[in-house]
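Whatever this is, show me its structure:
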Amino acid sequence: MAKTALVVGASGIVGSATATLLVEHGWTVYGLARRPTAQQDVLPIAADLQDRAATADALRDVHPDAVFITTWLRQDSEAENIRVNSAMVRHLLDALPAPIGPRHVALVTGLKHYLGPFEAYGKGTLPQTPFREEQGRLDVDNFYYAQEDEVFAAAQRDGFNWSVHRPHTVIGKAVGNAMNMGTTLAAYATLCRETGRRFTFPGSAAQWNGLTDMTDARQLAHQLLWAATTPEAANEAFNIVNGDVFRWSWMWGRIADWFGVTAASFDGTVRPLEQQMAGDAPLWRQIAEREGLAEANLSRLASPWHTDADLGRPIEVVTDMSKSRQLGFLRYQATDEAFFDLFTQLRADRLIP
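Numbering: from 1, shown residues only. Okay, the predicted model is just below:
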């Protein structure tokens, strides 16, 4: 039988990839966003999850077999992150009509479950790597934990099953996204090629030399679909990465070669992208006008602050996926190819020249 899905945050990196995959598998897909973008065969729902009444009105006739929560709103403090983002999940789950059959709710969070929120990112006492799902919560306020608690409470009340998915940094396409390393690096490399600047790693020696991993949005979408349709995956939390590991000392040159720019030798000095790209908005607008690009506003493509946070971490970060592997999720994605696929798509969509 055909199934119905509600993808929350459908215009974002993870949400758009998930909606696309579900459509390919024959699902009827509703895509909820504050400002929905056109997606083939996705039924748009416009709603602001901060508005309880408006959310209830928008969802009153939607009866999904599966709900995929892939959205959040960045606030100025972790206390506000907790207040706003937990309320959004609560308003969503309160608004949905009671299940008329089995329902699955999937929540996408991330490795800040193990590393701590932005205010305490990578600080204090952290669990050993590789991060494993059985490692408990840190003794620190974290909006991911608050979102989980809303899902757990609603599941107990309404009788649905759930899954939590913890990706590392996600590679995928979205415009106006707050956390977007792949497109940020594409825009930075384009600016380096335009100006003759060297492609300079912005982060720490620990990230340059240490092992790490990442998550293609398509890989995450496949795990979301797998968990929603695999009984053994019910009521579990899963890490999700591509399945390979690499060092940025290798990956940085691979990305530079794709764009035809010169990668600078790393000397151990942290050179944040927020500083390197601080004055580049007017130049990007000139490039966009000259090349006929679809987005002339650099701030809607690049999120240097988030890339700096990831590449500036003082510790090695590697993620274990044994739990989902043991349950049968065996998909793999090479990370360099994930970057190249994204860059090719960005060029085809006229987001980079």
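
Count residues in the vicinity of E274, would you?
E274: 15 surrounding residues under other C-beta atoms under 10 Å. Yep, even glycine has a C-beta here, placed from its N, CA and C like the rest.

contacting residues for it?
By C-beta atoms under 8 Å, 6 or more residues apart in numbering, E274 lies in contact with P304, W305, D308.

Run through the residues that contact G292.
If a contact means C-beta under 8 Å, 6+ apart, then G292 has R350 as its contacts.

Among the contacts of E274, find me the one that's closest to G12.
Using C-beta to C-beta, W305 is the member of the contacts of E274 that lies nearest G12, at 17.1 Å.

Check that closest one and give its pLDDT.
W305 carries a pLDDT value of 91.

Any buried residues in the helix or strand where it lies, and which?
Following DSSP states H and E, one finds W305 within helix 304-311. Buried residues in helix 304-311, counting neighbours by 16 or more other C-beta atoms under 10 Å, are found at P304, H306, T307, D308, A309, D310, L311.

Let me see the mean pLDDT of stretch 265-279.
In this model, stretch 265-279 has an average pLDDT of 96.

do stretch 199-218 as well
Stretch 199-218 shows a mean pLDDT of 97 in the predicted model.

mind checking the end-to-end distance for that stretch?
By C-alpha to C-alpha, to the nearest Å, the extent of stretch 199-218 from end to end equals 27 Å.

Give me the number of neighbouring residues for the residue nearest to Q345 when sequence neighbours are not counted.
In this structure, Q345 finds its nearest non-sequential neighbour in K173, 5.6 Å apart by C-beta to C-beta, 6 or more residues apart in numbering. K173 is flanked by 21 other residues according to other C-beta under 10 Å.

just to revisit the earlier point, by contact count, what packs against the helix holding W305?
Packed against helix 304-311, as judged by 3 or more C-beta pairs under 8 Å, 6 or more residues apart in numbering; DSSP states H and E, are the following elements: helix 181-195, helix 273-276.

roughly how far apart are the residue nearest to Q345 and L21?
Look at K173 and L21: by C-beta to C-beta, to the nearest Å, they are 14 Å apart.

And T262, by the same measure?
Per C-beta to C-beta, T262 is found 37 Å from L21.

Name the stretch among the helices and strands packed on helix 304-311 that sits most buried.
Of the helices and strands packed on helix 304-311, the one with the most neighbours on average (mean count of other C-beta atoms under 10 Å) is helix 181-195, at a mean of 22.

what helices or strands is that one leaning on?
Under the contact definition 3+ C-beta pairs under 8 Å, 6+ apart, helix 181-195 sits against strand 170-171, helix 248-259, helix 273-276, helix 281-291, helix 304-311, helix 335-348.

Relative to E232, which of those is closest?
When the helices and strands packed on helix 181-195 are compared (using C-beta to C-beta), the closest one is strand 170-171, at 25.0 Å.

same question for the closest one, mean pLDDT?
Here strand 170-171 scores 96 as its mean pLDDT.

same deal with stretch 145-160?
Mean predicted confidence for stretch 145-160 is 97.

List the buried residues in it.
Buried-residue list, stretch 145-160, by 16+ other C-beta under 10 Å: Y145, A146, Q147, E148, E150, V151, A154, A155, F160.

Check stretch 174-183 too.
By neighbour count on 16+ other C-beta under 10 Å, the buried set for stretch 174-183 is A174, V175, N177, M179, N180, M181, G182, T183.

same deal with stretch 275-285?
Q276, M277, D280, W284.

Output these as a markdown table; include the columns distance to Y332.
Shown next, in a markdown table, are those (distance: C-beta to C-beta, whole Å):
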| residue | distance to Y332 |
| --- | --- |
| Q276 | 33 |
| M277 | 33 |
| D280 | 36 |
| W284 | 35 |
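
now, among these, which is nearest to P130?
For these, the minimum distance to P130 (C-beta to C-beta) is 30.9 Å, reached by Q276.

show me the biggest helix of the chain in terms of residues.
Longest helix in the chain by number of residues (criterion: DSSP state H): helix 78-95.

Give me the residues contacting that one.
Contact with helix 78-95 is made by 8, 49-52, 55-56, 58-60, 67, 69, 71-75, 105, 107, 117-120, 141-143, 146-147, 149-151, 154, 158, as judged by C-beta under 8 Å, 6+ apart.

got the contact list for F238?
Shown in contact with F238 (C-beta under 8 Å, 6+ apart): E133, S163, V164, H165, R166, Q223, A227, M321, K323, S324, F329.
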